[in-house]
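A.B. asks: Mind looking at a prediction? Sequence and model below.
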Amino acid sequence: MIETPLLSVTSLHKSFAGRASLVGLLQGKPARRLTALDDVSLTLGRNEVLGIVGESGSGKSTIARCITRLEKPDRGEITFAGQDVWQARGAKLRGIRKDLQMIYQDPYGALNPRMSIGRAIAEPALVHGLIGKDGARALAYELLDRVGLPRSVAELTPRALSGGQRQRVAIARALALKPRVIIADEAVSALDASVQAQILNLFGELMRDLSLSMIFISHQLSVIAHLADRVAVMYLGRIVETGATADVFARPRHPYTAALLKAHPHLEARRSQTPALAGEIPSAYAIPEGCRFNTRCRYAETRCRLSDPPAAAFAHGHEAWCHVLPDLETHTDI
Amino acid sequence: MRPFPPGIEEDAWLRLTKRARLDRRWATISLYAGIAIVAFIAGLSAAAPFLGLKDPTATDLMNALQPPSLAFPFGTDDLGRDIFARVVYAGRVDLVFGIVVTYVSLVIGLSIGAISGYFGGLIDTVIMRIVDLVISFPFIILILTIAAIVGPGLTGAYIGVIAVSWALYARLTRGEMLAIRRREFILNAETLGYSAPRVVFVHALPNLLRANLVFSMSDIVLNILTLAALSYLGLGVAPPTPEWGEMIAQGQKNLFNAWWISTLPGLVIVLAGIGFSLIGDGLADRLDESGR
């Protein structure tokens, strides 16, 4: 991409203090640190959907939380439309907050249980001064239409709605600010498969009609494949492979991506001889030396245990961080 | 067939829902019974001047220490004052005191506790240590000290009790705030760019009210009892004015030959206490519609 990206994240680092044991404390040992993000860089262009995929604990959500200022990164830079998100103050910060909206996984927790749907949807626009008090109802109706909910739900509280309907309300509320970027953190993972498809289609429509950019975080490859233009595959706080979704999913270069694709359940269960991924993801308290995937990689060699792999570049901005770059099975059916 | 969660046998599920419906019905009964009791006492007290009662402060030594009868429903005390009239008039002092003190404390404690729990850090530490200080001190002594500084009388009692009882609300609210602080709708309010006061007071507080309101019902009774104790110690209401605690104290010297002087006002306090507790019970269930 030649134009400057709308949102860029540069060498983001974030670790959390683990709970110190009493014995450790008495011995003067420092509390263990959990590494959530280790040198993560990514960019998001205008009208682009970036998918971030990885197992739980890979640091996907931490990226979202750092971008939306819920979690302060230890190091690294987040720039939105030319402004440092963490340096911004006052009016500039309010502008960034308006333009960057987040949608969460749990549609039951994301809405104030004591506020009517109509008020919840219009409130952000009121607070940011986009509309006056008298415009609230009209805006709520317009957005309910937009996300495909009947206008009558404006009077209800979230309690009366199903999970899918609540997620639509959460989307309507995010749209109220006319944001430029929506960050959806596992936004469909808690929903039934059929409802999931409806919400994904809604996201697709919104992207088309409102020229939004979006970061879509999910552990479900099918969801990412459905929506994302580009994908970043994360493993233990680091991006291991990135590129156009079609390229990455059809011809994965990193063994981890290939294993994820293989582990993806297909309708017609094709049994493969080798297990896709052996063992558990290592603890984020003790990240393996060298390539962090070496403990589970079928292709691991000595150098994989000694040094971090450099980026290997392929066509169309497709990159993978792997020493070996084995010849991997291609996938066409995801 | 009605839908029921997986993993539960259907008849067990039906029993559970039946149980929930019964609980809910009891809560409604309890709420209305409580409101009826409190409204009865409050109504009588409010209408006291229009009920044709005897003068609650007029002494009539000819009729001293009369047991309950048709002429004196609750009997008379050692100065011949009509105890029923005194109990009814005392309700004006006691109920107003209980309600005002409780809700002023609630508002103060709620705000301070919410700020403490939301912002955390140094603010939280300082506020919570002050709360610990207030709570760990024997409260009656603290109230006595404050009442003694302000001077005996109702004003001292008001200030003294409020100065102590806000702390419980602050602690309760802080705990609740810590629990909802990480809920997504609060995080969402932050990412939507809402100001901190808006997040705390518009989004968090309405969800913290339930526990506080339920607790406030029993607190009203406790505060009335505290006023009674203060009056008993000579720091609450000055003697001729009728007040439930003061009446109990006055009747003490005649407890063995005129049981009604202390006992009947005491029973009225118990009745008011039951009324407020029933309201609290009913409210606990009625207000439990958060989320799920």
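C.D. replies: Received, thanks.
A.B. asks: show me what contacts the residue in the stretch 101-250 of chain B that chain A sits nearest to?
C.D. replies: Nearest residue of the stretch 101-250 of chain B to chain A, counting by CB to the nearest CB: residue B:193, 3.2 Å away. Any C-beta I mention is one placed from the backbone N, CA and C, and that applies to glycine too. For residue B:193, the contacting residues are A:93-94, A:97-98, A:124, A:127-128, A:177, by CB atoms under 8 Å, 6 or more residues apart in numbering or on different chains.
A.B. asks: let's see 6 Å
C.D. replies: Counting by CB atoms under 6 Å, 6 or more residues apart in numbering or on different chains, residue B:193 touches A:94, A:97-98.
A.B. asks: Distance check, the closest residue to residue A:247 other than its chain neighbours against chain B.
C.D. replies: The spatial neighbour of residue A:247 that comes closest, neighbours along the chain excluded (CB to CB, 6 or more residues apart in numbering or on different chains), is residue A:318 at 4.8 Å. In this view, residue A:318 and chain B are 32 Å apart by CB to the nearest CB, to the nearest Å.
A.B. asks: tally of neighbours for residue B:118?
C.D. replies: Using other CB atoms under 10 Å in any protein chain shown, residue B:118 has 23 other residues around it.
A.B. asks: roughly how far apart are it and residue A:93?
C.D. replies: Using CB to CB, to the nearest Å, residue B:118 is found at 19 Å from residue A:93.
A.B. asks: now the helices for the stretch 151-292 of chain B?
C.D. replies: B:154-181, B:184-191, B:196-198, B:209-232, B:244-251, B:260-286 (DSSP state H, counting those that start in this stretch).
A.B. asks: which stretch among the ones you listed comes nearest residue B:34?
C.D. replies: Minimum separation from residue B:34 across these (CB to CB) falls at helix B:260-286, 3.0 Å.
A.B. asks: Show me what that closest one packs onto, helices and strands only.
C.D. replies: Judged by 3 or more CB pairs under 6 Å, 6 or more residues apart in numbering or on different chains; DSSP states H and E, helix B:260-286 is in contact with helix B:10-46, helix B:209-232, helix B:244-251.
A.B. asks: Mind doing that once more with 10 Å?
C.D. replies: helix B:10-46, helix B:83-119, helix B:209-232, helix B:244-251 (3 or more CB pairs under 10 Å, 6 or more residues apart in numbering or on different chains; DSSP states H and E).
A.B. asks: Could you identify which of these is most buried?
C.D. replies: Stretch with highest mean neighbour count among those: helix B:244-251 (a mean of 24; mean count of other CB atoms under 10 Å in any protein chain shown).
A.B. asks: Look up the pLDDT of residue B:6 for me, please.
C.D. replies: Looking at residue B:6, its pLDDT reads 51.
A.B. asks: one step back: if you average pLDDT over each of the helices and strands packed on helix B:260-286, which is lowest?
C.D. replies: Among these, helix B:10-46 scores lowest, with a mean of 83.
A.B. asks: pLDDT wise, what is the residue of the stretch 101-250 of chain B closest to chain A at?
C.D. replies: 84.
A.B. asks: same thing with residue A:162?
C.D. replies: So, for residue A:162, pLDDT stands at 86.
A.B. asks: ok, now how distant is residue B:201 from residue B:183?
C.D. replies: Residue B:201 is 16 Å from residue B:183, by CB to CB.
A.B. asks: more crowded one of those two?
C.D. replies: Between residue B:201 and residue B:183, residue B:183 has the larger neighbour count (other CB under 10 Å), namely 20 against 16.
A.B. asks: how far does stretch A:97-111 sit from the chain's center?
C.D. replies: 12 Å (CA atoms, centre = their mean, to the nearest Å).
A.B. asks: Now do the SS call for residue A:109.
C.D. replies: coil (DSSP: H, G, I helix; E, B strand; the rest coil).
A.B. asks: how about the strands in chain A?
C.D. replies: Listed in chain order, the strands of chain A (DSSP state E) span A:7-17, A:33-44, A:49-53, A:75-80, A:83-84, A:100-103, A:181-185, A:213-218, A:230-235, A:238-244, A:311-313, A:319-321.
A.B. asks: Next, the contact list for residue B:40, please.
C.D. replies: For residue B:40, the contacting residues are B:271-272, B:275, by CB atoms under 10 Å, 6 or more residues apart in numbering or on different chains.
A.B. asks: Give me the distance between it and chain A.
C.D. replies: Using CB to the nearest CB, one gets 32 Å for the distance from residue B:40 to chain A.
A.B. asks: Counting neighbours, what do you get for residue B:234?
C.D. replies: So residue B:234, with other CB under 10 Å, has 13 neighbours.
A.B. asks: For it, list the residues it contacts.
C.D. replies: B:147, B:152, B:246, B:249.
A.B. asks: Can you tell me which of the contacts of residue B:193 comes closest to chain B?
C.D. replies: residue A:97 (3.2 Å).
A.B. asks: and the closest one, what does it touch?
C.D. replies: Here residue A:97 is in contact with A:68-69, A:85, A:88, A:124, A:128, A:177, A:179, B:190-194 (CB under 10 Å, 6+ apart).
A.B. asks: again, 7 Å this time
C.D. replies: Contact analysis of residue A:97 by CB atoms under 7 Å, 6 or more residues apart in numbering or on different chains lists B:191, B:193.
A.B. asks: give me phi/psi at residue B:151?
C.D. replies: phi 110, psi 150 (degrees, to the nearest 10).
A.B. asks: Tell me the confidence at the closest residue to residue A:143 other than its chain neighbours?
C.D. replies: Distance criterion CB to CB, 6+ apart; nearest residue to residue A:143, sequence neighbours excluded, is residue A:172 at 4.0 Å. You'll see residue A:172 listed with a pLDDT of 92.
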